[in-house]
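Engineer: With the sequence up front, the predicted model follows.
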Amino acid sequence: MEARQGLDDAALGRDALAVLDANWTGRATMPAPGIYPHQWSWDSALVALGLARSSPARARRELLGLFRGQWASGMVPHIVFNPAYDRAYFPGPEVWRSHEHAGAPRGVATSALTQPPLHAFAVWWSWRHGRGDREDARRFVRRMWPLLAAQHAHLAATRDLGGAGLAAIVHPWESGMDDSPAWDAPLAAVPAGGRPHHARSPHERYVWLALGYRESGYADGYLRDEHPFAVEDPVFNAAWLASSAALADLAPVAGADPRPYAEAAERIRAALIDRLWSAPGFFAARDLRTGRKIPVLTVGGFCPLLDPGLPSAYVNTAVEVLQSPRFIGASGYPVPSCDTRTPEFDRSRYWRGPSWAGTNWLLWRAAVVHGQPVLADLLAASTLRLVRQSGFRECFDPFDGTGRGCRDFSCTAALTLDLLAAMEAREAG
Ligand code: GLC
């Protein structure tokens, strides 16, 4: 769908729904036709968040579709493949070979990596905002509960590779911000030779990392002791924290004990502050293989603000940096995905500069929970301005708002719906 600057809110919402309908496969929403024909994990969580207010039943189907791919260990894969498009995406099922792994689900092919665990937060959002039958909503929470509990238990048991209470990502694809300059240094340290072939470009290194993990039989011990990429990422952990808090809140609905989840949220918050908080005021990723923080400031460094419990001293400092000319202060179409003042910044390269609706939405929500209405309005209005100007693109040039990446991107469409609904609810008082 192309630019429609003069569109009123209702028509913009209809266009967003039309994109989501066109991308619906019957079980899932593909992120975009052509380039992303399967189901991606955090895209699905964001799509469910976006649909929760207007189409709660569809939001529920989206999440249930994704959890069909959950492994016996509790791991929620970052891609659930659609057999109709098996050959249309690399690396596809033939690379991951999930069917050879005893813990993978039968009858559905998946990847073996995961992505930011925003799913419990999405379930909570749909419980909180969903209109319609409350009994259906309650049944859904109960149905999802054991799946989410298993997902969280898996992260705690296998991914705290630093032993400090945070989850480590073991591949840039697990961050959701695949090409972020924060991964340049840890990727450069990935061995350039050896099996399975000489890995030179970043993409070859991505594949090399995935194949090394596969050759280990997707073993937890390999990740801990041998795998060369292990990073504590602020976005992944912000999602884990938000979802832990969501589970604590949902526990009474599911007839479960909220305490372990409230404790997990506290533990992750303390570890984020202790391990990742950095000058001038953001959360840096930490490379567990060097033991050092990665000094690259990206939009991900603000995502822990999603946590309502983050003490205000951290919030205020981070908001100052976010609003400075490094980020919002320099760009007419915020929020750039990388600090505009660093050599790594590139206004048109994937995750190295462009603005994304997904991160804008997370920061919009952060501004709302921390009582920053001016920032919240700016983020909501500029995200809507981007889609009016350039359509539901994957991302946008932060200086002139030109669309980048693919068209008809589901996350952008879904979060547009949520922002429209939020603004309407606010206007209605
Ligand atoms: C790209 C993005 C990632 C997303 C996927 C599908 O890999 O970096 O965040 O999940 O596309 O949209």
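Structural biologist: Yep, it's here. Residues are numbered from 1 along each chain as shown.
Engineer: Tell me which helix or strand the closest residue to Trp173 other than its chain neighbours sits in.
Structural biologist: Closest residue in space to Trp173, ignoring its immediate chain neighbours: Leu113 at 5.6 Å, by CB to CB, 6 or more residues apart in numbering. The way it works is simple: take the backbone N, C-alpha and C, and place the C-beta from them, glycine included. Secondary structure assigned from DSSP states H and E places Leu113 in neither a helix nor a strand.
Engineer: Enumerate every residue touching Leu113.
Structural biologist: Listed by CB atoms under 8 Å, 6 or more residues apart in numbering, the contact set of Leu113 reads 77-78, 170-171, 173-174, 210, 213.
Engineer: Also Ala262?
Structural biologist: Ala262 neighbours (CB under 8 Å, 6+ apart): 244-245, 248.
Engineer: Mind listing what's buried along stretch 110-121?
Structural biologist: Using 16 or more other CB atoms under 10 Å as the test for burial, stretch 110-121 gives 110-121.
Engineer: circling back to that earlier point, top of the contacts of Ala262 by neighbour count?
Structural biologist: Ser244 (28 neighbours; other CB atoms under 10 Å).
Engineer: tell me the SS of that residue?
Structural biologist: At Ser244, secondary structure determined by DSSP: H, G, I helix; E, B strand; the rest coil is helix.
Engineer: got any ranges where this structure has weak pLDDT?
Structural biologist: 1-4, 192-200, 429 (pLDDT under 70).
Engineer: and it, which residues reach the ligand?
Structural biologist: Within the chain, the positions near the ligand by CB under 6 Å from any ligand atom are 31, 36, 40, 42-43, 176, 178.
Engineer: What remains of those residues if I keep only buried residues?
Structural biologist: Applying 16+ other CB under 10 Å to those flags 31, 36, 40, 42-43, 176 as buried.
Engineer: what's the closest of these to Arg106?
Structural biologist: Nearest to Arg106 among those, counting by CB to CB, is Trp40 at 21.3 Å.
Engineer: Skipping adjacent residues, who's closest to the closest one in space?
Structural biologist: Pro31 (5.3 Å).
Engineer: Test my guess that the one you found contacts Cys411.
Structural biologist: Yes. Pro31 is within contact range of Cys411, at 6.7 Å (criterion: CB atoms under 8 Å).
Engineer: Identify the contacts common to these two.
Structural biologist: Common neighbours of Pro31 and Cys411 (CB under 8 Å, 6+ apart) are Asp43.
Engineer: And Ile328, how close does it get to Asp339?
Structural biologist: 11 Å (CB to CB, to the nearest Å).
Engineer: Taking the stretch 201-350 of the chain, what residue is nearest to the ligand?
Structural biologist: Per CB to the nearest ligand atom, Tyr350 is where the stretch 201-350 of the chain lies closest to the ligand, at 6.9 Å.
Engineer: Tell me who's in contact with that residue.
Structural biologist: Contacts of Tyr350 (CB under 8 Å, 6+ apart): 178-179, 395, 404-405.
Engineer: try 6 Å
Structural biologist: If a contact means CB atoms under 6 Å, 6 or more residues apart in numbering, then Tyr350 has Asp179 as its contacts.
Engineer: Please apply the same query to the one 5 residues further on.
Structural biologist: Residues in contact with Ser355 (CB under 6 Å, 6+ apart) are 333, 335-336, 396, 398.
Engineer: between those residues, which is closest to Asp160?
Structural biologist: Val335 (29.5 Å).
Engineer: so who does the closest one touch?
Structural biologist: Contacts of Val335 by CB under 6 Å, 6+ apart are 299, 327, 355, 360.
Engineer: Would you mind giving the residues you listed as JSON lines with secondary structure added?
Structural biologist: Putting the contacts of Val335 into JSON lines (three-state DSSP) gives the following:
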{"residue": "Val299", "secondary structure": "helix"}
{"residue": "Phe327", "secondary structure": "coil"}
{"residue": "Ser355", "secondary structure": "strand"}
{"residue": "Asn360", "secondary structure": "helix"}
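Engineer: how about the residues you listed, which pair is most distant?
Structural biologist: Spanning the widest gap among these are Phe327 and Asn360, at 11.4 Å by CB to CB.
Engineer: roughly how far apart are the residue nearest to Trp40 and Asp408?
Structural biologist: Distance from Pro31 to Asp408, by CB to CB: 9 Å.
Engineer: if I look at Glu62, how far off is the ligand?
Structural biologist: 14 Å (CB to the nearest ligand atom, to the nearest Å).
Engineer: Closest residue of the stretch 251-400 of the chain to the ligand?
Structural biologist: For the stretch 251-400 of the chain, CB to the nearest ligand atom, closest residue to the ligand: Trp351, 6.3 Å.
Engineer: show me what contacts that residue?
Structural biologist: 177, 179-180, 337.
Engineer: Likewise for Asn82?
Structural biologist: Asn82 touches 25, 37-38, counting by CB under 6 Å, 6+ apart.
Engineer: for Pro37, same thing?
Structural biologist: With CB under 6 Å, 6+ apart, Pro37 has these contacts: 30, 82, 85, 88.
Engineer: Leaving out sequence neighbours, find the closest residue to the second one.
Structural biologist: Read that as Asn82. Asn82's closest residue in space is His38 (CB to CB, 6+ apart), at 5.0 Å.
Engineer: pretty sure the one you found contacts Phe81?
Structural biologist: Yes. Using CB atoms under 6 Å, His38 is in contact with Phe81, at 4.9 Å.
Engineer: Comparing these two, which residue is more hemmed in?
Structural biologist: His38 (26 against 22).
Engineer: do you know how far the more buried one is from Phe121?
Structural biologist: 22 Å.
Engineer: Looking at this protein, what residue ends up closest to the ligand?
Structural biologist: Pro31 (3.4 Å).
Engineer: I'd say that residue and His38 touch.
Structural biologist: No. Between Pro31 and His38 there is no contact under CB under 6 Å: 8.2 Å.
Engineer: picking up where we left off before, what do His38 and Phe81 both touch?
Structural biologist: Joint contacts of His38 and Phe81 (CB under 6 Å, 6+ apart) do not exist.
Engineer: what's the longest helix in this protein?
Structural biologist: The longest helix of the chain (DSSP state H) is helix 134-158.
Engineer: now that helix: how far from the chain's centre is it?
Structural biologist: 18 Å (CA atoms, centre = their mean, to the nearest Å).
Engineer: right, and the helix or strand after it?
Structural biologist: Criterion used, DSSP H and E; the element after helix 134-158 is strand 168-169.
Engineer: tell me the contacts of Val321?
Structural biologist: Applying CB under 6 Å, 6+ apart, the residues contacting Val321 are 280-282.
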